[in-house]
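K.L.:
Show me the folded form of this:
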Amino acid sequence: MSKRHELSGRIQALSDIKGILNAMKNLALMEVHKLGRFLSAQQRVVGGIEEAAADFFRFHPALLPSMEGAFPVFLLIGSERGFCGDFNESLLAEFDRCRAKETTGKGDPLPLIVTVGHKLAMKIGSLKPDVALAGPSVTEEVPSVLVHVVEALHELQRRRPAGTRLDLVVLSHGNDDGNANNGRAVIVRRPFREFGRLRTLSAHPPLLTMPPIEIATKLLDQYLFAVLHEMFYTSLMAENRRRFQHMDQALQRLEKETGELTRKYFVLRQEEITQEIAVIMLSAEVVGENGAGSAQAGAGA
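P.N.:
Presented below is the predicted three-dimensional model:
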């Protein structure tokens with residue numbers, strides 16, 4: 001096989017790869033737009049629950065869940081798929097910082113760890129998670145993943161001594177604008193500690209149709225589920241933005257490489273054409289000389 005044909009095969013292979021990357025890039029962009037609609041609605045839901053909880057606990061502060069002596073549980077929301085740069089590495093770096101704050105090194109028990117995302121679980125290294133769950137690849141998979149997360153948290157709670165509370169610490173990527181969490185892309189939230197923070201100054205207590213303790217329990221359950229939805233949607237949006245950027249950069253590199261190979265291909269083709277012309281001209285000269293020699297021999301006879 002000539003070098004030109006070899007280059008032609010490489011150019012075709014790069015073209016096929018570009019087609020795949022373009023499809024992945026477009027799918028990531030579609031997912032970002034779809035998640036934007038979901039996230040906007042979910043943020044309004046979380047805001048409504050927070051306002052209701054703040055109003056309720058202003059008049060029933062004794063019902064706020066106490067996190068004193070609670071056992072920390074880290075929930076790490078990573079990626080299920082790859083091609084998203086250092087998405088999981090930056091999450092694990094923030095996790096190391098948070099875990100160092102939770103343990104003093106004086107016999108403290110190691111916190112529980114729940115990872116979400118196949119690629120994240122592969123990169124966590126020697127620190128084996130207590131629970132490793134598959135993560136969502138598309139928006140529609142978030143609710144079913146959340147069901148598994150809540151079930152895992154309930155199971156971890158069941159394994160602890162009676163009366164032990166779990167202090168949930170959620171690490172996930174934010175909007176990826178560089179402004180969240182003091183300039184870091186990874187945000188850290190503790191839903192149980194944030195729950196019921198005073199935000200309203202209502203002068204009158206809310207009218208209740210249920211016992212306050214039952215309302216407090218239901219509010220907490222609703223808030224936890226809503227805020228986890230928000231964080232999963234935000235994380236998945238950040239992941240797809242990273243994937244879009246990663247694919248775009250890869251396509252630019254492939255375009256540059258394809259252009260270079262195409263230039264080499266045409267240079268080789270031009271050299272082959274030049275050689276073919278030279279051969280044709282030499283052949284014509286030989287034929288001309290042979291013809292002239294035959295004519296002279298005939299005249300001499």
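K.L.:
wait, is Ile113 part of a strand?
P.N.:
Yes. Looking at Ile113 with DSSP: H, G, I helix; E, B strand; the rest coil, it is inside a strand.
K.L.:
For it, which residues are in contact?
P.N.:
Val73, Phe74, Leu76, Ile124, Leu127, Pro129, Asp130, Val131 (Cβ atoms under 8 Å, 6 or more residues apart in numbering). Using the backbone N, CA and C atoms, a C-beta is placed for each residue, glycine as well.
K.L.:
which stretches of the stretch 1-150 of the chain have low pLDDT?
P.N.:
1, 103-109 (pLDDT under 70).
K.L.:
ugh, wrong one, I meant the stretch 201-301 of the chain
P.N.:
Along the stretch 201-301 of the chain, segments meeting pLDDT under 70 span 201-202, 289-301.
K.L.:
now with 90?
P.N.:
201-207, 268-301 (pLDDT under 90).
K.L.:
In the chain, where's the longest helix?
P.N.:
The single longest helix within the chain, with elements called by DSSP state H, is helix 212-300.
K.L.:
Quick check: which helices or strands does that helix pack against?
P.N.:
Counting by 3 or more Cβ pairs under 8 Å, 6 or more residues apart in numbering; DSSP states H and E, the packing neighbours recorded for helix 212-300 are helix 3-59, strand 71-77, helix 87-102, helix 142-159, strand 166-173, strand 186-189, helix 191-194.
K.L.:
switch to 6 Å and redo it
P.N.:
In terms of contacts (3 or more Cβ pairs under 6 Å, 6 or more residues apart in numbering; DSSP states H and E), helix 212-300 is packed against helix 3-59, strand 166-173.
K.L.:
Relative to Glu89, which of the ones you listed is closest?
P.N.:
Closest to Glu89 of these, according to Cβ to Cβ: strand 166-173, at 11.6 Å.
K.L.:
Spatially central residue in the chain, please.
P.N.:
Nearest residue to the geometric centre of the chain (Cα atoms, centre = their mean): Glu239, 2.3 Å.
K.L.:
correct me, but that one touches Asp86?
P.N.:
No. Glu239 lies out of contact with Asp86 (Cβ atoms under 6 Å); the separation is 11.6 Å.
K.L.:
re the thing from before, the inter-axis angle of the longest helix of the chain versus helix 3-59?
P.N.:
Interaxial angle, helix 212-300 versus helix 3-59 (axes from the mean of the first three to the mean of the last three Cα atoms, to 10 degrees): 170 degrees.
K.L.:
quick one, helix 212-300 and helix 142-159 angle?
P.N.:
Relative orientation of helix 212-300 and helix 142-159, computed by the same axes, to 10 degrees: 130 degrees.
K.L.:
How far away from the center of its chain is helix 212-300?
P.N.:
25 Å (Cα atoms, centre = their mean, to the nearest Å).
K.L.:
what's the angle from it to helix 87-102?
P.N.:
Interaxial angle, helix 212-300 versus helix 87-102 (the same axes, to 10 degrees): 150 degrees.
K.L.:
ok now do the residue nearest to the centre of the chain, which residues does it touch?
P.N.:
When contacts are counted by Cβ atoms under 6 Å, 6 or more residues apart in numbering, Glu239 is found next to Ser79, Cys84, Phe87.
K.L.:
try Arg99
P.N.:
Counting by Cβ under 6 Å, 6+ apart, Arg99 makes contact with nothing.
K.L.:
if I look at the closest residue to Tyr233 other than its chain neighbours, how far off is His173?
P.N.:
Once flanking residues are discounted, Tyr233 sits nearest to Leu39: 4.5 Å by Cβ to Cβ, 6 or more residues apart in numbering. Distance, Leu39 to His173, using Cβ to Cβ, to the nearest Å: 13 Å.
K.L.:
can you count the residues close to the closest residue to Val45 other than its chain neighbours?
P.N.:
Nearest non-adjacent residue to Val45, counting by Cβ to Cβ, 6+ apart: Ala226, 5.1 Å away. Number of residues near Ala226 (other Cβ atoms under 10 Å) recorded here: 19.
K.L.:
ok, Leu39 and His173, which is more surrounded?
P.N.:
The residue with more neighbours, out of Leu39 and His173, is His173; 29 against 19, by other Cβ under 10 Å.
K.L.:
With adjacent residues omitted, what lies nearest to that one?
P.N.:
Ala238 is the one closest to His173 (Cβ to Cβ, 6+ apart), at 3.8 Å.
K.L.:
just the helices and strands packed on helix 212-300: most buried one?
P.N.:
Greatest average neighbour count among the helices and strands packed on helix 212-300 goes to strand 166-173 (a mean of 23), per mean count of other Cβ atoms under 10 Å.
K.L.:
Can you show me the CA trace of that strand as CSV?
P.N.:
Extracted C-alpha coordinates of strand 166-173, given in CSV (Å, rounded to 0.1, in the frame of the first residue of the first chain):
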residue,chain,number,x,y,z
LEU,A,166,-27.1,10.8,59.9
ASP,A,167,-25.6,14.2,59.0
LEU,A,168,-25.7,14.2,55.2
VAL,A,169,-23.0,16.1,53.3
VAL,A,170,-23.6,16.3,49.6
LEU,A,171,-20.8,17.1,47.2
SER,A,172,-21.7,17.9,43.6
HIS,A,173,-20.8,20.2,40.8
